[in-house]
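Participant: Need the 3D shape of this:
(one chain, ligands or ions: 1)
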Amino acid sequence: MKTVILAGGGHTHLEVLKRLSSHHDSSVKWILVSASRYHYYSGMFSGFAEGLYGIEDIRIDLKQLCENKHIHFIEASVESFDPEHKTVTLSDGERLTYDRLSLDIGSHTAPDQIEGLSERQTQMKPAHLFPDRIEACRKAKELVIIGGGAAACEMAFSFHQWKQQHGRKYDRITVIASNEFIDQRSDQVIEAMFEEKGIHFIKNDYAVKVTDRHVITKNDKNILYKEVIFLGGAQAPDLLKTSGLPVDQKGFIKVNAGLQTIDNSSVFSAGDCAALVTHPDLPKSGVYAVRQGEVLYHNLLASLNREPLADYTPQQRALILLSTGGMEALMLYGKWRKAGRWAWLWKDYIDRGYMRKYQ
Ligand SMILES: Cc1cc2nc3c(=O)[nH]c(=O)nc-3n(C[C@H](O)[C@H](O)[C@H](O)COP(=O)(O)OP(=O)(O)OC[C@H]3O[C@@H](n4cnc5c(N)ncnc54)[C@H](O)[C@@H]3O)c2cc1C
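Facilitator: Okay, here's the model as predicted:
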C-alpha cells in the first residue's frame, strides 16, 4: 500500500480532500496531519473580527471531513521531514513514512527584521491562532497594525467597526505601511475612508523597533500601542528551511508548475508555503491556494501512477472584495475600483457559498 501524507489543513488540501471520494482507491492510504482540528477560512477573517460571523461560520471540521472520506486524521504539528528517508516527525514524537508528502502548512506573521516584534506582537498566523487573538485587539485602547496590504486594511476597518458598535469610540487604530496599501487608485479610496472613519495611517515609513509601549518607525515616530499585529507579508515556517530542499530567498519551498518540489519528486507543496518558480511574484493569498487544489490532487495521484503531471497556471486577474466595515466593501478587479454595500453582499455570498461546500 502507498501512503500519501497531507501536512497541514490549509486551503489547498481542503480542495484535495473535497475531490477524494469516500470510496477512493484502497491501495492508497491518505493521512491528513493538521496542527488544528479545524480549517479556518481566511476570506471571512475580517467579518469574524467585526463580529458579523461566529466561529462556526468561518471554520471547517477537518476531523469530521476525514472520517466521512475514510481518511486517517492526526491532530499534531509536523515538526520536521526528511526527504531522503521519506519520513515525517510529528510534535508528539511519532514518525511516519510516506510515498508522497504534500505540504500546505501556510505561513507565519512573525518577522525577525523588526526588533522586539516577535515577542510582543499578537500573532495572527498560523491560521488556527486567529480566532483566539481577536478579542485582545478589539479591546485594545491603542491598536497598531504594521503592514499595508489588503489584509491589513481590512482588519483596520473591521476592528474600527467593532469598536464603534461596542462603545469604544475613543480607541485609536494606526496602520503603518512602508509604501502603497494596494495601488494608487485603490489607495485614494482607502485613504479617504480611513480619514472619514478616523483610522490613523502612516505611509512611506516602516516600523523598525517595538518596545514594551511603543512602535518606533524609521522616521522616528513613536506610536503608543496596547496591541500590535504584523500583517506586512507572509513569513516562511522554519521547517521548510531545515528540510534541505531548495527554498527561495524568503525561505518558502521551491516548486515547479506541477507543485512538485525541485530536487525531490516525492514532495509536493502548495499555498503560502510554496514558492512557484514559474511565478515567483505570485501573491500569498487564499485565492491562489484554493485554485491549486485541483492540480495538486491530480498530480499526487498521477505521480503515484507514474503518469504525466498537470501544470498550475495562476489566473491573470484576481477579484478582490475588500471589506471596509459596516457591511460595505471595495471591489478591485483589473482597473475597476467600486465601493458599496452591494460589494459586501457579493463577498458574503461568495464566502458563505465557499463554506457550504464543506460544512
Ligand atoms: C488577517 C488575515 C486576513 C486574510 N484575508 C484574506 C482574504 O480575505 N482573502 C485571501 O485570499 N487571503 C487572505 N489572507 C491570506 C490567507 O490567509 C493565506 O494566503 C491563506 O490562508 C493561505 O492558505 P494556505 O492553504 O497556504 O494555508 P492556511 O490556510 O494558512 O493553512 C495552513 C494550515 O496548516 C496548519 N499548520 C501550520 N503549521 C503546521 C505544521 N507544522 N503541521 C501541521 N499543520 C500545520 C495550520 O494550522 C493551518 O490550518 C489573509 C491573511 C491574514 C493573516
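
Participant: Helices along the chain, start to end?
Facilitator: Assigned by DSSP state H, the chain shows helices spanning 11-19, 45-50, 55-58, 62-68, 117-120, 130-139, 150-165, 184-197, 238-241, 286-304, 341-356.

Participant: Mind putting the ones you listed into a markdown table with distance to V255, mean neighbour count and mean pLDDT?
Facilitator: All C-beta spots, glycine's among them, are computed from the backbone N, C-alpha and C. Below are those laid out as a markdown table (distance: least, CB to CB, whole Å; neighbours: other CB atoms under 10 Å; pLDDT from 0 to 100):
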| stretch | distance to V255 | mean neighbour count | mean pLDDT |
| --- | --- | --- | --- |
| helix 11-19 | 11 | 24 | 96 |
| helix 45-50 | 26 | 24 | 97 |
| helix 55-58 | 28 | 14 | 96 |
| helix 62-68 | 23 | 17 | 95 |
| helix 117-120 | 27 | 16 | 94 |
| helix 130-139 | 26 | 16 | 91 |
| helix 150-165 | 23 | 24 | 97 |
| helix 184-197 | 30 | 15 | 95 |
| helix 238-241 | 11 | 18 | 94 |
| helix 286-304 | 10 | 21 | 96 |
| helix 341-356 | 24 | 16 | 97 |
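
Participant: Could you pick out the residues of the protein near the ligand for me?
Facilitator: Contact residues, the chain versus the ligand (CB under 6 Å from any ligand atom): 7-12, 33-36, 39, 42-43, 45, 77-78, 104-106, 109, 124-128, 151, 155, 231, 237, 271-273, 284-287, 289.

Participant: Pull out the buried members of those residues.
Facilitator: Buried members of the residues of the chain next to the ligand, counted by 16 or more other CB atoms under 10 Å: 7-12, 33-36, 39, 42-43, 45, 77-78, 104-106, 109, 124-128, 151, 155, 231, 237, 271-273, 284-286, 289.

Participant: Give the full set of residues in contact with the residue of the stretch 51-200 of the chain found nearest the ligand.
Facilitator: Residue of the stretch 51-200 of the chain nearest the ligand, by CB to the nearest ligand atom: G106 (2.6 Å). Contacts here follow CB atoms under 8 Å, 6 or more residues apart in numbering; on that basis G106 touches 8, 10, 125-127, 234, 237, 271-273.

Participant: Quickly list the domain ranges of this structure.
Facilitator: Domains of the chain are assigned by automatic domain parsing as 2-35+76-107+235-304, 117-233+319-356.

Participant: Of all those, which one is nearest D57?
Facilitator: Of all those, it is domain 117-233+319-356 that lies closest to D57, at 6.9 Å by CB to CB.

Participant: Start and end of that closest one, how far apart?
Facilitator: From its first residue to its last, domain 117-233+319-356 covers 37 Å (CA to CA, to the nearest Å).
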